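Asker: Fold the following, please.
(one chain, ligands or ions: 4)
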Amino acid sequence: MLSKVISALYLALWVSSCAVMSAEDPYMTRALKLMSETPLIDGHNDLPWQLLKKFNNELNKVDLYKLETTQTNIPKIKEGRLGAQFWSAYVPCDTQYKDAVRQTLEQIDVIHRMCQKYPEIFMFATSRQDIVAAFRMNKTASLIGVEGGHSIDSSLGTLRTMYLLGVRYLTLTHSCNTPWADNWLVDTGSEPSQHNGLSPFGKQLILEMNRLGMLIDLAHVTVTVMNQVLNMSKAPVIFSHSSAYGICPHKRNVPDEVLQRVNETGGIVMVNFYNDYVKCDKTASISDVADHFDYIKKVAGVGIIGFGGDYDGVNRLPEGLEDVSKVPKVVAELLRRGWTDEEVKAALGNNLLRVLEEVEGVRDSLKGVSPDDVLIPYDEVKNSCRMSYGYRNTGAVHSISALALLLTLALQALIALTAL
Ligand SMILES: *[C@@H]1O[C@H](CO)[C@@H](O)[C@H](O)[C@H]1NC(C)=O
Ligand SMILES: *[C@@H]1O[C@H](CO)[C@@H](O)[C@H](O)[C@H]1NC(C)=O
Ligand SMILES: *[C@@H]1O[C@H](CO)[C@@H](O)[C@H](O)[C@H]1NC(C)=O
Ligand SMILES: [Zn+2]
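Answerer: Ligands and ions are numbered 1, 2, ... in the order given. Got it, this is the predicted structure:
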């Protein structure tokens, strides 16, 4: 009871601080009005990773109303008018071939527990409709994105199980190759290409994600993978936290040709606020972030733009955008630059809602298609931590034993003949 009273006090505090913020600036007043009508949907936030790093996921000991050592907490979420968040279930690449799946499940668990611990703030969400419903209830719709293909250990069964747990996007790679996809470091030349993009299993995975209705996230992959997926996916793609290469030529950013193809295919690029991607520098400003919004709008249209702040995943953010409470300042800056209400609403959330609607539509249209149960070839994933269960008595083995049976019969016939 006392904690609820304290919570109410905190909320009263943020409301009054926002009133101050809006009184100063007519663009801010308009920004906050638009944000009360359309949910701000952010593509990537690493608070769950901070909960692991700082607290070993001991959420019982954490008070998200008072947590001050992160860029995200409940008062900041309220002040920033965060309508919906894809919380990142991220585990580092050094878990690959080890305990990546367990670690990822624990991050999924901590996101679920966060929603259960603060039901007055978060509503767990898995669909377009859930996001809209949460927004009507003044709650932050909370979705899960798994960041890095290593988290599924090359297993479509694991992908499907994570979907059942509520995961709604998979970033195909983090900053390491998987046994079936190349990561962006290949494009920097610091790592060799292993698959020239996607392997045949990687292509199976794309179609299985289409069938499930899971968003395909192309942040962190090579340009070749981006183009291969854009060529073959039946549903639009997302970049959950990437900015424009044409402004800052960092290989994590999206080149112009790809931006245009994202427009042609109805996808979305959710702009990352990390200084190194915004300005290719250690420092950046709100205006530099707005430049990415303007640039993407010019190159590929306002229909592909979204927000993907990467809060709590990065240590250098633009001056004035240090935590999630500051996001309305970007919206005000876009209005100052002449963006219309409709354009701002598209970037805030309507574009992502459209993408989700299309992805869900593709899923519904593929209802009659069976799950893909063809495994990745064993020799592509063989390592000392992986048993060969599931690779026995397969079609290939059957044909080998059939061949052996034939040979035995032929040999017996030959022996019988020579005996005559
Ligand atoms: C949500 O907040 C608005 C503005 O504060 C308020 O008018 C509305 O009644 C709230 N809705 C719910 C369902 O609490
Ligand atoms: C994608 O398709 C286009 C048009 O068919 C083709 O030119 C291009 O090489 C393809 N890209 C990749 C990476 O497969
Ligand atoms: C985006 O795609 C639409 C068609 O889907 C097209 O009408 C529009 O011109 C494109 N915008 C840009 C800037 O290329
Ligand atoms: Zn990332």
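Asker: For the rest of this, base every contact and every neighbour count on C-alpha atoms.
Answerer: OK.
Asker: can you map out the helices along the stretch 201-350 of the chain?
Answerer: Under the criterion DSSP state H, counting those that start in this stretch, the stretch 201-350 of the chain contains helices at 223-232, 256-265, 275-278, 286-300, 328-336, 341-345.
Asker: can you check the stretch 51-200 of the chain too?
Answerer: So, for the stretch 51-200 of the chain - with DSSP H, counting those that start in this stretch - the helices run 74-79, 100-117, 128-136, 156-164, 185-188, 200-212.
Asker: State the mean pLDDT of the last one.
Answerer: Taken as a whole, helix 200-212 carries a mean pLDDT of 98.
Asker: Just name whatever secondary elements it is in contact with.
Answerer: Applying 3 or more C-alpha pairs under 8 Å, 6 or more residues apart in numbering; DSSP states H and E, one finds that helix 200-212 contacts helix 156-164, strand 215-217, helix 351-365.
Asker: any chance of those in TSV, with mean neighbour count and mean pLDDT too?
Answerer: Formatted as TSV, the helices and strands packed on helix 200-212 follow (neighbours: other C-alpha atoms under 10 Å; pLDDT from 0 to 100):
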stretch	mean neighbour count	mean pLDDT
helix 156-164	18	98
strand 215-217	27	99
helix 351-365	20	98
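Asker: for the ones you listed, which one sits closest to residue 32?
Answerer: helix 351-365 (18.6 Å; C-alpha to C-alpha).
Asker: Report all helices and strands that the closest one contacts.
Answerer: By 3+ C-alpha pairs under 8 Å, 6+ apart, helix 351-365 packs against helix 128-136, helix 200-212, strand 268-271, strand 305-307.
Asker: who wins for proximity to residue 165 among those?
Answerer: Closest approach to residue 165 among the helices and strands packed on helix 351-365 is made by helix 200-212 (12.6 Å; C-alpha to C-alpha).
Asker: Is ligand 2 within reach of that closest one?
Answerer: No. Contact of helix 200-212 with ligand 2 (C-alpha under 6 Å from any ligand atom) is absent, the minimum separation being 11.1 Å.
Asker: Under the pLDDT cut-off, which ranges of the stretch 301-420 of the chain? List them.
Answerer: The stretch 301-420 of the chain contains residues with pLDDT under 70 at 393-406, 408-409, 415-420.
Asker: where does it come near ligand 3, residue by residue?
Answerer: residue 301.
Asker: For ligand 2, give me its nearest residue in the stretch 301-420 of the chain.
Answerer: The stretch 301-420 of the chain approaches ligand 2 most closely through residue 304 (19.7 Å), counting by C-alpha to the nearest ligand atom.
Asker: just to revisit the earlier point, for the helices of the stretch 201-350 of the chain, which one ends up most surrounded?
Answerer: helix 275-278 (a mean of 25; mean count of other C-alpha atoms under 10 Å).
Asker: Using PDB, write down the CA coordinates of that one.
Answerer: Only the C-alpha atoms of helix 275-278 are listed here, as PDB (Å, rounded to 0.1, in the frame of the first residue of the first chain):
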ATOM      1  CA  ASN A 275      26.500   9.100 -30.800                       C
ATOM      2  CA  ASP A 276      28.800   6.800 -32.800                       C
ATOM      3  CA  TYR A 277      26.000   6.000 -35.200                       C
ATOM      4  CA  VAL A 278      24.400   9.500 -35.200                       C
END
